[in-house]
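>>> Sharing a sequence plus its predicted fold:
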Amino acid sequence: MAFYRAHVLVCKGTGCNASGSSSVFDALGEEIRKRGLDQEVALVETGCHGMCEMGPIVVIYPEGSLYCRVSVDDVPEIVEEHLYKGRLVQRLLYTTPDRKVKVPRYRDIPFYSKQHRIALRNCGYINPDNIEEYIARDGYAALAKALTSMKPEEVLSEVKTSGLRGRGGGGFPTGLKWEFCRKAQGDKKYVICNADEGDPGAFMDRSILEGDPHAIIEGMTLGAYAMGADEGYIYCRAEYPLAIKRLVGAITHAEEFGLIGDNVMDTDFSFHLHIKEGAGAFVCGEETALLASIEGERGMPRPRPPFPANKGLWGKPSNINNVETWANVPNIIRNGGSWYASIGTEKSKGTKVFALTGKVNNTGLVEVPMGTTIRDIVFDMGGGILKDRKFKAVQIGGPSGGCLTEEHLDLPVDYESLTAAGAIMGSGGLVVMDEDTCMVDVAKFFLEFTQRESCGKCVPCREGTKQMLLILEKITSGKGRMEDLKILEDLAIMVKEMSLCGLGQTAPNPVLTTLRYFRDEYETHIRDKKCPAKACSALISYLIDPEKCKKCGLCARNCPVKCISGDRNTPYEIDQEKCIKCGTCLEVCPFQAVFKE
Amino acid sequence: MKDITLTIDGKVCKGAEGNTILEVARRNDVYIPTLCFLEGLTPIGSCRMCVVEVEKNPKMLTACTTPAQDGMVVHTQTEKLREYRRQMLELIFAGRNHFCMYCSQSGDCELQDLAIEHGMDSVRYPFLYAAFDNDATHRDIQVDHNRCILCLRCIRVCAEKVGTHTLDLQKRGWNATIVADLGRRLGESSTCTTCGACAQVCPTGTITLREFAYRGRRKDCDDAVESVCPLCSVGCRIKAYVRTGSIVRVEGTSVTEPDGGQLCKKGRWTLPRSAERERISVPMIREGSHYREASWEEALELVAENFGKAHQADSSGALVSSLCTDEELALFVSLFKDGLGMERLDTFDGDVLRGFVKGFEPFREQGIRPFTAAHNILNSDCIVNLSADPDEEAPVIASYMRVGTLKNGATLLNLSCRTSPFADITDIDAVCPTPGQSAALVEGLAELVAGLKASGGKALEEGKISVGELAGKAGIPEETVEGILEKLAGSQRPVFVLGGCLSRDPVAVTSAVNLAIASRAFFEDGMGVVPLVVSGNSLGTINTVLAREPWLGREKLDFLYVYSTGLVPEDEESLSAISGTKFVVVHCPFWAQPLVNLADVLLPAPAWFERSGHYCTIEGERRRLNVVVPPKGEIRGLSSILKDLSAGLGVEPGKPKESPCGNLFASEKPPADARMVSLEEVRN
């Protein structure tokens, strides 16, 4: 067996891949070989580390040093300095935004130090294509324990004790859900993984699928054992080709090792896992629409009751859980349900993965214990607001969620407290907004999305969200009336109550929360025909300050509609009639003479 | 079924376990408005009109889909529910272009009715005025998407009852529209069978039948009479709408029937169109190439004169349509057989029926009813198409086969010398090069399957024909034979559909029943066999006018009496035999060409809609026809005409027998007692 004195882990998650980590990986390989170090230094590709803002990320062990934004040009220096001479490359280390301090060790970086990685424990550590690395980190130990020393009811009992709740957004107690399926009458049952992560900007599930696919496989096998199922499906969206590739590979390896398939680990228990690709519909993330899609029908939701636990895939009892939920299961079985229940708050146990995005310094994935405050996530781990601007709101839960304001910064993140504040946990998308974000525009953005994704089956969602969107479009283009706010709110409440599925039931949430906390912004749009955040293009004007204008003409040369006039002696002026509000002049002006009003 | 009790709007309502809230409410006369719901189709809860509030449940639940539970307390008419229902209607009206003023369905529209019921006198939302397609590509069915409320009834009926699943949705959300065949307009569809079921279930004026638009709202019609379609052996129950003496629309009676009320392109259009055809309204006598009007006395005298002479010379015969009712057939028998003692009595397509009768005879002798009600195809787990072309012979049977296969998971096998008519959904298509080889295949399979079943599906008996030999004889690959054996041996309730052409060789029919026995195709009412006999009352002719041995065309006769309903064209053979006869009387409602041109005397007959009676259909029931429009003018009922004719002939007709087809529907012995018959013996 080879013994390496150092391991170089290169993140090959989709984010870092897009920033060029593939070339970095290849360059490192070449350089290491060139220097004759390939017998002493192992080069490993891993899944997503989470701190995507800083990608491509390279972590070197045994020190655990994390290098940020590594490019191909940095490679010779890293190999020379760190691997050959044992000295850190200071300029590539993480720097805290406020104190300008360099943090050499990965686990000291606030982004990571405050995390408690359970679902993400292997992401960034192991090569996801190598099943042996998964096993080396206690992979499949939970399955072995369950199959050899636990009865199915006992496995279910551990999950119940853990207090795990559905991580896809519903927050339904997982153990209870499993119990419904277990108790359902029928000789054929299915377990299903909802990997159709559709929220725009959410990538928690993607990172787990790409970085640690075996966690899902083990989790589902444990679930099948507990509930009496012998077949499973992973419904993965087609927009995640890398995840699908890794899953296919992982299933093949697991079958070769006898860890799924006929007679798992030489016991009587058999479990076969299939992959079904989605085809670009957000609504197929809704569990009954997902079932319809697997059955080969149009992905439209079905009324519940009856629930999938009793009548699911092809009419058989089925249990559907989110990727993150399944990923937690092996840990719960290995360490015990009470261990999991010791983390988190009273009603929300364990941890949650959040995709921190928006106007923060450190965007990426964080997994925190339930009960962590929003302030900690945004300011400690996120490193505060970009460009030192002021925090305005944070959108939690994507297009189904709601906005929370400054007064909620110390709210502990858990299902109950978020719902009480009018938001929802959702799948974990957290979008941070600053003073330049228009809340009406945010509501419109999310509603545009849900409206486009509505399947069209039920009247309230199909027609109601369309009418709501029309009102928002009127308001953001300066044609709104005060009566529209009442109609909008009434529609929103009705659509929420009357829709057939979760898409329609939660589509009005962004509208309702922004109306609740930012009603004044709506009123300004209507009454004053102005956008306070200067974001709604119909309501803003681009102007040039004649004092600051140095008459260079750069703006006029770049204006796509040639509506700026002036010369070496006259300050430039924008013709408001022709201006299309593209903002190019503001971007190119070297003297900040262009401003929005 | 356990009983449950709910309280709906304060009223105690009893129901059965498994009922939905809506079912319990309807049972107890509690009204809950619905729109997308149609009894007989899977409820989907999409219109939200039937939302109710259930105590202890925070959600609004759709009554049509929610299972009722014992002890539920339901409220259906709260302020909020009424307000929300009205908002649903307003959203629907604002979303598309519902202009009632010129819609053919105005006054007969469920959306309009609900809007009026909910006091919708204004719409608070802006009308979107988007342009949707008005699809007039199909010759008979129009689809105006501007009026569509996406209730999806058309899709459901087409998938669940007709089985072609021609219609479905394209695109998402507000832009979603109904399309045919994954994206075509209806007229361009290659799977649409033009049955018109979609138009029948459409609650608005979206899908309309072009021929019957504006001819009369269902509510305006003077009468809506239930009767039976005569055009094929299924005998679907129909509802004929009458307005000012015209039949303005024919529909299936209900989606809850096994046939889903779907009718077919034959019944839905031919029947109302026939009410506009030119009638033979008075008796006519031929002079050279022309017909002149005559009185009943003169005509019947002429008939009796020629009939009497020919009968004396034993050169007369009578040909009676198999679309006649039992009562009419009984009358014919009472005159021709009992009164006159005339042997030459037969029906059109008699050969087809004779083939089936001869083929079934050995089993009738065993006291077994050799066929089952056609809708049992829906309960089958293995459907076998034996040389049938159901889309032509009996479209609703084709629907049963499709639904049985696609929805109910049955296997579909085709054993024939033509490719399966259901090419895309057939599990095994065993096409033999010649009919003889196809018959040999069925014969051989019967032996092998019997052996397999006897040994619990494990081994083939020794000494019988081998799989390889049979494959060679039949001219199909060995794997195909093996596959068929596997499916038949493994099935619990197979059904064999026998095409009309199979009956050309009665031995093939016997062989088919043998195969059914070998496959243990036993249903409660008889063997799992569905013979596609020709018309609505073909079965009724078996015990009445069907000749045991064919005589038509074997010799030139002096006299022929021909009774035709004029609805289906007569076959070549019959027409040629008729034209070779010296004196022909044609008794028919319509100027049916070319038959009427061969007559010496034309007698007016009541049309299908002008008389009542019974049909024995392959749905295993004796169904009642009713008078839709009473006969006018000189048109007399059959019994009075035959009475006068008997008098003219100087004979007493016998007493018409009751229910001539009673024995067709009873099995004296349980089907499981049936024994296979040796084909060598039958051949001799």
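Sure thing, it's come through.
>>> only C-alpha atoms for contact and neighbour calcs from this point on.
Will do.
>>> Looking from chain A, tell me which residue of chain B is nearest.
With C-alpha to the nearest C-alpha as the measure, the residue in chain B that lies nearest chain A is residue B:173; the distance is 3.5 Å.
>>> Now do the residue most central in space within chain A against residue A:430, distance only.
Nearest to the centroid of the C-alpha atoms of chain A, with distances taken as C-alpha atoms, centre = their mean, sits residue A:202, at 2.7 Å. As judged by C-alpha to C-alpha, to the nearest Å, residue A:202 and residue A:430 stand 9 Å apart.
>>> Could you name every residue contacting both of those two?
Here residue A:202 and residue A:430 share the contacting residues A:355, A:398, scored by C-alpha atoms under 8 Å, 6 or more residues apart in numbering or on different chains.
>>> Look at the residue of chain B closest to chain A and report its pLDDT.
Confidence at residue B:173, expressed as pLDDT, is 93.
>>> how close does the closest residue to it other than its chain neighbours get to residue A:385?
Distances taken as C-alpha to C-alpha, 6 or more residues apart in numbering or on different chains put residue A:456 closest to residue B:173, at 3.5 Å, once the chain neighbours are dropped. Residue A:456 sits at a distance of 39 Å from residue A:385 (criterion: C-alpha to C-alpha).
>>> Spit out the contact partners of residue B:44.
Neighbours of residue B:44 in contact, by C-alpha under 8 Å, 6+ apart: A:302, A:303, B:36, B:37, B:64, B:65.
>>> Return the backbone torsion pair for it.
phi -120, psi -10 (degrees, to the nearest 10).
>>> residues touching the residue of chain A found nearest chain B, list them.
With C-alpha to the nearest C-alpha as the measure, the residue in chain A that lies nearest chain B is residue A:456; the distance is 3.5 Å. By C-alpha under 8 Å, 6+ apart, the residues touching residue A:456 are A:462, B:150, B:172, B:173, B:174, B:175, B:176.
>>> change it to 10 Å
With contacts taken as C-alpha atoms under 10 Å, 6 or more residues apart in numbering or on different chains, residue A:456 has the following neighbours: A:300, A:462-463, B:46, B:150, B:169, B:171-177.
>>> again, but for residue A:264
Contacts of residue A:264 (C-alpha under 10 Å, 6+ apart): A:143, A:144, A:147, A:221, A:254, A:255, A:257, A:258, A:270, A:271, A:272.
>>> how about 7 Å then?
When contacts are counted by C-alpha atoms under 7 Å, 6 or more residues apart in numbering or on different chains, residue A:264 is found next to A:258, A:270.
>>> Any figure for the gap between the nearest residue to residue B:437 once chain neighbours are set aside and residue B:161?
Across the structure, with C-alpha to C-alpha, 6+ apart as the measure, the residue nearest residue B:437 apart from its sequence neighbours is residue B:474 (4.7 Å). As for residue B:474, its distance to residue B:161 is 35 Å (criterion: C-alpha to C-alpha).
>>> Tell me if residue B:332 really is in a helix.
Yes. Counting by DSSP: H, G, I helix; E, B strand; the rest coil, residue B:332 is located in a helix.
>>> Show me how far the longest helix seen in chain B is from its chain's centre.
Ranked by residue count and defined by DSSP state H, the top helix of chain B is helix B:435-454. Mean-position distance between helix B:435-454 and its chain equals 30 Å (C-alpha atoms, centre = their mean, to the nearest Å).
>>> Please name the residues that touch the nearest residue to residue A:221 once chain neighbours are set aside.
In this structure, residue A:221 finds its nearest non-sequential neighbour in residue A:271, 6.7 Å apart by C-alpha to C-alpha, 6+ apart. Applying C-alpha under 7 Å, 6+ apart to residue A:271 gives the contacts A:221, A:230, A:231, A:260, A:261, A:262.
>>> Now do the same contact list for the closest residue to residue A:155 other than its chain neighbours.
In space, not counting the residues next to it along the chain, residue A:155 is nearest to residue A:226; the distance is 5.7 Å by C-alpha to C-alpha, 6+ apart. Taking C-alpha under 7 Å, 6+ apart as the definition of contact, the neighbours of residue A:226 are A:152, A:153, A:155, A:156.
>>> show me what contacts residue A:567?
By C-alpha under 7 Å, 6+ apart, the contact set of residue A:567 is A:551, A:553.
>>> Distance check, it against residue A:587.
Distance check for residue A:567 against residue A:587: by C-alpha to C-alpha, it reads 20 Å.
>>> which bits of chain A sit near chain B?
With the criterion set to C-alpha under 7 Å from any C-alpha of the partner chain, chain A comes near chain B through A:302-303, A:305, A:452-460, A:462-464, A:497-498.
>>> now with 6 Å?
For chain A, the residues in contact with chain B (C-alpha under 6 Å from any C-alpha of the partner chain) are A:305, A:454, A:455, A:456, A:457, A:458, A:459, A:462, A:463.
>>> got a list of what the last one touches?
Each residue near residue A:463 by C-alpha atoms under 6 Å, 6 or more residues apart in numbering or on different chains is listed here: residue B:91.
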